[in-house]
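> After the sequence you'll find the predicted model.
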Amino acid sequence: MTSGIVSQLFQSALAVLAAPLLIGWVNMCRAWLQNRSAPSLLQPYRALHKLFHKDAAISRNTSWIFRFNPYVQFGCMWLAAGIVPVLATDLPLAPAADVVALVGVFAVARVFAALAAMDTGTAFGGLGARREMFIGALAEPAMLIVFFNLSLIAQSTSLNTIVETLAHGNFLIRPSFAFAGVAFYMVALAENARVPVDNPTTHLELTMIHEAMILEYSARHLALIEWAVAVKLVAYSALGIALFVPWGIAEAGNTAALPLALLALAGKLFVGGAVLATLETVLAKLRLFRAPEFVATAFLLAMLGVLLNLVLQR
Amino acid sequence: MISAAWFDQIISLLAAILLLISFAMLSQRRILSLIELFAWQGAVLSASTAIVAYSANLHHLYYSAAITFALKVVALPWLLHRLIRRLNVRWDVETMINIPSTMLIGLALVVFAFNLAQPISQLATGAARHTIGIATATVLLSFLMMITRRKAVPQVIGFLAMENGLFFAATSATHGMPMVVELGIALDVLVGTFIFGIFFFQIRETFDSLDIRHMEKLKER
């Protein structure tokens, strides 16, 4: 049990502290691929530091939701990154790590983000909130279906059981698994406001979704939201790693395997960040009204995966 | 020697890819990409036939795989490319229903096909158990593509893709048809495409367009 608590604390702390590093790495790869000289790997930390030391400006017309939202964002994402069994499988928070609950945690964050965006009453906030819900309403079912597909294989919706089953199962060619993996990646791109759906670096009013929602934030609130975005990326990467490439995870009660698990995780995130940057460079951002098509394709793939699972693996 | 279970898995994987390509064709907006996807479908089909031939040790299936490759990966796509260059119809494909809805209808069709194939699958053994449903789904999806497209060229590609689905069912479930039948079908498909090509020119000459809605006006007044 103590080893579990150690793993839990370690993983939670790591997820929060290393999150800006992942963002920095993705930005670095992107800069290299676009033939620019890259910013330092620690640039996101410097940006956060700068924002935390500024004075916050809050519009007089806002309610408590606006001030409360950054903490909800950060808390939800931290929780999500903490309960995904990515370093070890015997975490004390594991009973909470149910896939449906996890989607619920992300939904809470999304609802608060949209409410806070509309709270200021600016045109951009409402626009961003509407677009976010538009994409989210389509992405969420796709995400759930991906999870249900894996639950069918593991016979459980608990993330721990799923990861343990997949890490131990003898190697089979599972077509449904490949479909679920691709669908998950597409949903993750949409949910994290990455390139084919949203551009994280843009401030062009015609195209921005996530940036439009946080336009009114400044200083420590903005810093918390930016940090939450980084932790969200880590949480999704961790989820993808735990579900689709779980090799190298520390087994229950095995604290000695922790360093190796950490090394494996770092390697996977390193590769994952480079792949993400490559995709963002190669793909063009979709027109907003093509975005539902992108997410609908993810839903279709996830659904096909479930159907194939029912037909092929009996 | 690789075990039979492995072959079954590989056939299942190819079946899944076939289904995926069918959906990709359904969602495709450009004629050129549609032809490319059709060629890929032919390649997967040819590979699956060759694997069935190897695992069941049936020599005539090797010929059938070779014919499939020559016809569906090389000859037909080349013919179609030539055709659209001559007809000058490289523009986007028009669909009757928007693409996300078409995909959802396709999904319903897949569920229907899997249900339909279930009683048959229970009688079969090995890989055939899984593939009958997928082959049926491929046929129905190609059918849906023929229904939802307005232009003549995508409809013909849908027709050819439908034949791919039937062929897949035949090879994976029953280890292929007799050589004579297969040769006959291959020739039919080739000649059919030629005749369609001639039809395209006739349709365009009469109506100045390949939109088959114009053909509804052929009724006598």
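Thanks, I have the structure now. For clarity, every value in this text was computed on a predicted model and none was experimentally measured.

> just checking, next helix/strand downstream of the lowest-mean-pLDDT helix or strand in chain A?
Ranked by mean pLDDT, DSSP states H and E, the helix or strand of chain A with the weakest confidence is helix A:159-168, at a mean of 75. Following helix A:159-168 in sequence order, the next helix or strand is helix A:175-191 (DSSP states H and E).

> What sits closest to the closest residue to chain B within the stretch 151-300 of chain A if chain neighbours are left out?
Scanning the stretch 151-300 of chain A for proximity to chain B using CB to the nearest CB identifies A:Pro175 as nearest, at 3.4 Å. Where you see a C-beta, it was placed from the backbone N, CA and C, and this is true even at glycine. Leaving aside its sequence neighbours, A:Pro175 sits nearest to B:Ala16 (CB to CB, 6 or more residues apart in numbering or on different chains; 3.4 Å).

> Please apply the same query to A:Ser176.
The nearest residue in space to A:Ser176 (CB to CB, 6+ apart) is A:Asn309, at 3.8 Å.

> any idea how far B:Leu141 is from A:Val86?
Separation of A:Val86 from B:Leu141 (CB to CB, to the nearest Å) stands at 38 Å.

> For the residue nearest to A:Leu91 when sequence neighbours are not counted, grab the count of nearby residues.
Leaving aside its sequence neighbours, A:Leu91 sits nearest to A:Gln8 (CB to CB, 6+ apart; 4.6 Å). Using other CB atoms under 10 Å in any protein chain shown, A:Gln8 is surrounded by 20 other residues.

> One more: B:Met96?
So B:Met96, with other CB under 10 Å, has 11 neighbours.

> follow-up on the earlier one: wait, what's in contact with the residue nearest to A:Leu91?
A:Gly82, A:Leu91, A:Pro92, A:Leu93 (CB atoms under 8 Å, 6 or more residues apart in numbering or on different chains).

> switch the cut-off to 7 Å
Residues near A:Gln8 by CB atoms under 7 Å, 6 or more residues apart in numbering or on different chains: A:Leu91, A:Pro92, A:Leu93.

> out of those residues, which are buried?
Among the contacts of A:Gln8, those buried by neighbour count (16 or more other CB atoms under 10 Å in any protein chain shown) are A:Leu91, A:Leu93.

> Now pLDDT and secondary structure too, for the contacts of A:Gln8, in JSON lines please.
Listed next are the contacts of A:Gln8 as JSON lines, based on pLDDT from 0 to 100; DSSP: H, G, I helix; E, B strand; the rest coil:
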{"residue": "A:Leu91", "pLDDT": "71", "secondary structure": "coil"}
{"residue": "A:Pro92", "pLDDT": "74", "secondary structure": "coil"}
{"residue": "A:Leu93", "pLDDT": "73", "secondary structure": "coil"}
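
> Skip ahead from the helix or strand harbouring A:Arg46 and say which helix or strand is next.
Assessed by DSSP H and E, A:Arg46 sits inside helix A:43-52. Downstream of helix A:43-52, the first helix or strand assigned by DSSP H and E is helix A:64-83.

> Below-threshold pLDDT in chain B: ranges please.
Applying pLDDT under 70 to chain B flags the ranges B:1-2, B:4, B:90-94, B:125-128, B:176, B:210, B:212, B:217-221.

> all helices of it, in order?
Assigned by DSSP state H, chain B shows helices spanning B:4-27, B:31-56, B:59-68, B:76-87, B:99-123, B:128-148, B:152-174, B:179-207.

> next one: the stretch 101-250 of chain A
Applying DSSP state H, counting those that start in this stretch to the stretch 101-250 of chain A gives helices spanning A:123-154, A:159-168, A:175-191, A:210-213, A:219-244.

> Would you quantify the distance from the closest residue to chain A within chain B to A:Ala242?
Distance from chain A to each residue of chain B (CB to the nearest CB) is smallest for B:Ala16, at 3.4 Å. Counting by CB to CB, the separation of B:Ala16 from A:Ala242 is 24 Å.

> ok so, going back, OK, contacts around the residue of the stretch 151-300 of chain A closest to chain B?
Counting by CB under 7 Å, 6+ apart, A:Pro175 touches A:Leu308, A:Leu312, B:Ser12, B:Leu13, B:Ala16.

> now with 6 Å?
Contacts for A:Pro175 were tallied using CB atoms under 6 Å, 6 or more residues apart in numbering or on different chains; they are A:Leu308, B:Leu13, B:Ala16.

> which residues in the stretch 201-314 of chain A form strands?
Ranges of strands in the stretch 201-314 of chain A, per DSSP state E, counting those that start in this stretch: none exist.

> Give me the number of neighbouring residues for A:Val187.
A:Val187 has 27 nearby residues by other CB under 10 Å.

> so what's it up against?
A:Ala139, A:Ala142, A:Met143, A:Ala298 are the contacts of A:Val187 under CB under 6 Å, 6+ apart.

> In space, what's closest to the third one - neighbours in sequence excluded?
Okay, so that is A:Met143. Of all residues not flanking A:Met143 in the chain, A:Val187 sits nearest, at 4.9 Å (CB to CB, 6+ apart).

> how much space between B:Arg150 and A:Pro196?
Separation of B:Arg150 from A:Pro196 (CB to CB): 28 Å.

> out of the two, which sits in the more crowded spot?
A:Pro196 (18 against 15).

> was I right about that one contacting A:Leu286?
Yes - counting by CB atoms under 6 Å, A:Pro196 touches A:Leu286, with 5.2 Å between them.

> list residues touching both of those two?
A:Phe294.

> What residues does chain B have near chain A?
By CB under 6 Å from any CB of the partner chain, the residues of chain B that approach chain A are B:Gln9, B:Ser12, B:Leu13, B:Ala16, B:Pro100, B:Met103, B:Leu107, B:Val110, B:Phe114, B:His130, B:Gly133.

> ok, how many other residues are close to A:Thr2?
Neighbour count of A:Thr2, defined by other CB under 10 Å: 9.

> Once you drop chain neighbours, what's closest to the residue nearest to the spatial centre of chain B?
In chain B, the C-alpha nearest the mean C-alpha coordinate belongs to B:Ala161, at 1.4 Å (CA atoms, centre = their mean). Closest residue to B:Ala161 apart from its sequence neighbours, by CB to CB, 6+ apart: B:Ser142 at 4.0 Å.

> three-state assignment of the closest residue in space to A:Ala238 that isn't next to it in sequence?
Closest residue in space to A:Ala238, ignoring its immediate chain neighbours: A:Val86 at 4.1 Å, by CB to CB, 6+ apart. Following DSSP: H, G, I helix; E, B strand; the rest coil, A:Val86 is assigned to coil.

> OK, contacts around A:Val86?
Contact partners of A:Val86, counting by CB under 6 Å, 6+ apart, are A:Ala238, A:Ile241, A:Ala242.

> So for it, what's the pLDDT?
A:Val86 is assigned 74 on the pLDDT scale.

> any idea how far the residue nearest to B:Ile97 when sequence neighbours are not counted is from A:Leu243?
Once flanking residues are discounted, B:Ile97 sits nearest to B:Thr148: 5.5 Å by CB to CB, 6+ apart. Shown here: B:Thr148 relative to A:Leu243, a distance of 35 Å by CB to CB.
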